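*Asks:* Build me a model:
(chains A and B)
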Protein chains: 2
Amino acid sequence: MHRTKVKVLEGVLDANDTIARANRDDFDRAGVAVVNLMSSPGAGKTSLLEAVIAQLDGVRLGVLEGDVQGTQDAERISGVHTPSGGHVPVAQINTDPGFGGECHLDANMVRSALPSLPLDELDLLVIENVGNLVCPAEFRIGEDARAMVFSVTEGEDKPFKYPLMFRACELVVVNKIDLLPHLDLDLEELLSNVDDVNPGVDTILASAKTGEGVDAFAGWLATRAARAPLPA
Amino acid sequence: MHRTKVKVLEGVLDANDTIARANRDDFDRAGVAVVNLMSSPGAGKTSLLEAVIAQLDGVRLGVLEGDVQGTQDAERISGVHTPSGGHVPVAQINTDPGFGGECHLDANMVRSALPSLPLDELDLLVIENVGNLVCPAEFRIGEDARAMVFSVTEGEDKPFKYPLMFRACELVVVNKIDLLPHLDLDLEELLSNVDDVNPGVDTILASAKTGEGVDAFAGWLATRAARAPLPA
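*Replies:* Model prediction:
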């Protein structure tokens, strides 16, 4: 069974990459940079985005939410005021209609959501993937960059247990650092383990609760937005 | 692409169930009860098991560890002393040789590990699944019962975002409650959301750090062990 399954899934990945390239072409034509944001469930992706939206001035941001079920995160994001008093456009993908709830976004799901987003009016689209440290790293969705949020509550050993995710990302935001005084976590060891798996990867220490590091994350996102091609 | 993929994966699930039944027959013949233990990455499955092993007297426990890569958890478990001064038998499955690291255990992977475990000498086998709130709930592995560990750091909304996982389990251990004073989490709302998704499901409030609730979890596991069929 296993060999057949691997072969089928390799075919699925090839098909996915073709659609991911089509997504990327559309993003480039619209002049929008795209970040694929990944993490475990509850690591704080949405809370960090809420904090970033309130700070990210001069960058026209849009958000695409990916969840197995529900629209909680899209509702949270659409309720946040930008520095100019507006709101960011948000669309939601639910993976539930597929295989009992897909554990990741794929390029086809993202493609199906593009008509719901005003790409021509955006500089940056953040796609919040399904909470999962394994499969989201295996499916390209047309993004320019991949970033992950890692909560300090998850433990030092996770880079070695989920190496593909840590290796796939250009940025690791180490979140919930306000909890460090209450944990046994060795932060130096965690950062060393991240660097072992992905040498030289950018890291930001952050807390969506206290606001620490949110400016650095906003700055990283603004830099990605500035690198987007000019609209066609 | 999507429809073909769903069909292929339905076939995979049928094949999986056949192997899961074979596993279950072997477990029944050996008179061992089997619990499939699931959670997000870093929710505290291994820490809770370490605490349980030190308390679980009179139950011959074995552990099967599932991880994408690495043997950290198996090493931790095999280092713990039981009340009688011994150690529990441990085996490790790495899902990495498959599809870039499978995000869950399936029945075939578990079957391949059975020769490494002295089933005839066990009353209870706990299988620690890959950290993931989606796919592990979709694959039966021959278990008698499914339990999940949920960390209070993950937020109140997760039962609605990952309903299949919460619905699949006979027990939800709400872990890391020592952190509650430092979080904005509304525990009542979390427990109400768990009950909305899986009405009447057993819950235990626990902290592997302070030891709170470990006796209740050990008691639940001992009850499962007592229900195993007599060895053939």
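*Asks:* Ramachandran angles for residue A:59?
*Replies:* Backbone geometry at residue A:59, expressed as degrees, to the nearest 10, gives phi -120, psi 120.
*Asks:* what's the neighbour count on it?
*Replies:* Counted by other CB atoms under 10 Å in any protein chain shown, the residues lying close to residue A:59 total 20. Glycine gets a C-beta too; all of them are placed from N, C-alpha and C.
*Asks:* just the one 4 residues further on next, same as before
*Replies:* Residues within reach of residue A:63, counting by other CB under 10 Å, total 27.
*Asks:* three-state assignment of it?
*Replies:* Judged by DSSP: H, G, I helix; E, B strand; the rest coil, the three-state class of residue A:63 is strand.
*Asks:* was I right about it contacting residue A:129?
*Replies:* No. Residue A:63 is not in contact with residue A:129 according to CB atoms under 8 Å; the separation is 11.9 Å.
*Asks:* can you give me how far stretch A:126-143 is from the chain middle?
*Replies:* 7 Å (CA atoms, centre = their mean, to the nearest Å).
*Asks:* now swap in stretch A:85-95 and tell me
*Replies:* That offset, for stretch A:85-95, works out to 14 Å (CA atoms, centre = their mean).
*Asks:* What's the end-to-end length of that stretch?
*Replies:* Taking CA to CA, to the nearest Å as the measure, stretch A:85-95 stretches 32 Å from start to finish.
*Asks:* Can you pull out the residues in contact with that stretch?
*Replies:* A:53, A:61-71, A:73-74, A:77-82, A:101-105, A:109-110, A:112-113, A:116-118, A:121-122, A:130 (CB atoms under 8 Å, 6 or more residues apart in numbering or on different chains).
*Asks:* Next up, the contacts around residue A:21.
*Replies:* With CB under 8 Å, 6+ apart, residue A:21 has these contacts: residue A:142.
*Asks:* Any figure for the gap between it and residue A:230?
*Replies:* 20 Å (CB to CB, to the nearest Å).
*Asks:* The host helix or strand of residue A:21 vs helix B:2-30, what angle?
*Replies:* For residue A:21, the host element (DSSP states H and E) is helix A:2-30. Interaxial angle, helix A:2-30 versus helix B:2-30 (axes from the mean of the first three to the mean of the last three CA atoms, to 10 degrees): 140 degrees.
*Asks:* How far away from the center of its chain is helix A:2-30?
*Replies:* Computed by CA atoms, centre = their mean, the chain-centroid distance of helix A:2-30 equals 18 Å.
*Asks:* after that helix comes which helix or strand?
*Replies:* strand A:33-39.
*Asks:* Pull the residues that contact that next one.
*Replies:* Against strand A:33-39 from outside (CB under 8 Å, 6+ apart): A:24, A:27, A:45, A:49, A:105, A:123-129, A:131-133, A:136-137, A:141-151, A:165, A:169, A:221, A:224-225, A:227-228.
*Asks:* Which of the residues you listed are buried, as a ChimeraX select command?
*Replies:* Applying 16 or more other CB atoms under 10 Å in any protein chain shown to the contacts of strand A:33-39, the buried members can be selected in ChimeraX as follows:
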select /A:24,27,45,49,105,123,124,125,126,127,128,129,131,132,133,136,137,141,142,143,144,145,146,147,148,149,150,151,165,169,221,224,225,228
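*Asks:* Next, see if the helix or strand harbouring residue A:159 gets close to chain B.
*Replies:* Residue A:159 is part of helix A:158-161, with elements assigned from DSSP H and E. Yes. Remark: helix A:158-161 sits within contact range of chain B at A:158, A:160-161, by CB under 8 Å from any CB of the partner chain.
*Asks:* and the gap between the spatially most central residue of chain A and residue B:219?
*Replies:* Closest residue to the average C-alpha location of chain A: residue A:37 at 0.5 Å, with CA atoms, centre = their mean. To residue B:219, residue A:37 is 41 Å away according to CB to CB.
*Asks:* and if you look at residue A:157?
*Replies:* 29 Å.
*Asks:* For residue A:48, what is the enclosing helix or strand?
*Replies:* helix A:45-53.
*Asks:* Now tell me what touches that helix from outside.
*Replies:* So helix A:45-53 is contacted by A:37-39, A:61, A:63, A:73, A:76-77, A:80-82, A:88, A:126, A:128, A:131, A:149, A:173, A:175, A:206, A:208-209, A:211, A:214, A:217-218, A:221 (CB under 8 Å, 6+ apart).
*Asks:* List only buried entries from those residues.
*Replies:* Using 16+ other CB under 10 Å, the buried ones in those are A:37-39, A:61, A:63, A:73, A:76-77, A:80, A:82, A:88, A:126, A:128, A:131, A:149, A:173, A:175, A:206, A:208-209, A:214, A:217-218, A:221.
*Asks:* Could you pick out which of these are located in helices?
*Replies:* Counting by DSSP state H, the buried ones among the contacts of helix A:45-53 place A:73, A:76-77, A:214, A:217-218, A:221 in helices.
*Asks:* Just send those residues back as a markdown table, with distance to chain B and pLDDT too.
*Replies:* A markdown table is the format used below for those (distance: CB to the nearest CB, whole Å; pLDDT from 0 to 100):
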| residue | distance to chain B | pLDDT |
| --- | --- | --- |
| A:73 | 8 | 96 |
| A:76 | 9 | 96 |
| A:77 | 13 | 97 |
| A:214 | 17 | 98 |
| A:217 | 19 | 98 |
| A:218 | 22 | 97 |
| A:221 | 23 | 98 |
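*Asks:* Any chance of these in CSV with distance to residue B:14 as columns?
*Replies:* Output for these, formatted as CSV (distance: CB to CB, whole Å):
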residue, distance to residue B:14
A:73, 34
A:76, 39
A:77, 39
A:214, 48
A:217, 45
A:218, 48
A:221, 44
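*Asks:* List just the nearest of those to residue B:199.
*Replies:* residue A:73 (25.0 Å; CB to CB).
*Asks:* Now do the phi/psi pair for residue A:166.
*Replies:* Dihedral angles (degrees, to the nearest 10) for residue A:166: phi -70, psi -30.
*Asks:* So for it, what's the pLDDT?
*Replies:* Here the pLDDT value assigned to residue A:166 is 97.
*Asks:* Any figure for the gap between the nearest residue in space to residue A:187 that is not next to it in sequence and chain B?
*Replies:* Counting by CB to CB, 6 or more residues apart in numbering or on different chains, residue A:187 lies nearest to residue A:180, which is 6.4 Å off, once chain neighbours are set aside. To chain B, residue A:180 is 10 Å away according to CB to the nearest CB, to the nearest Å.
*Asks:* just residue A:27 next, same as before
*Replies:* Counting by CB to the nearest CB - residue A:27 and chain B are separated by 20 Å.
*Asks:* do the same with residue A:119
*Replies:* With CB to the nearest CB as the criterion, residue A:119 and chain B are 23 Å apart.
*Asks:* ok, residue A:105 - contacts?
*Replies:* Taking CB under 8 Å, 6+ apart, one finds A:36, A:66, A:93, A:95, A:127, A:129-130, A:136, A:139, A:141 in contact with residue A:105.
*Asks:* my guess is residue A:44 meets residue A:208, correct?
*Replies:* Yes. The pair residue A:44 and residue A:208 qualifies as a contact (CB under 8 Å) at a distance of 5.1 Å.
*Asks:* joint contacts of these two?
*Replies:* A:175-176.
*Asks:* rewinding a little: when you compare where the helix holding residue A:21 runs with where strand A:33-39 runs, what's the angle?
*Replies:* 140 degrees.
*Asks:* Good, wrapping up.
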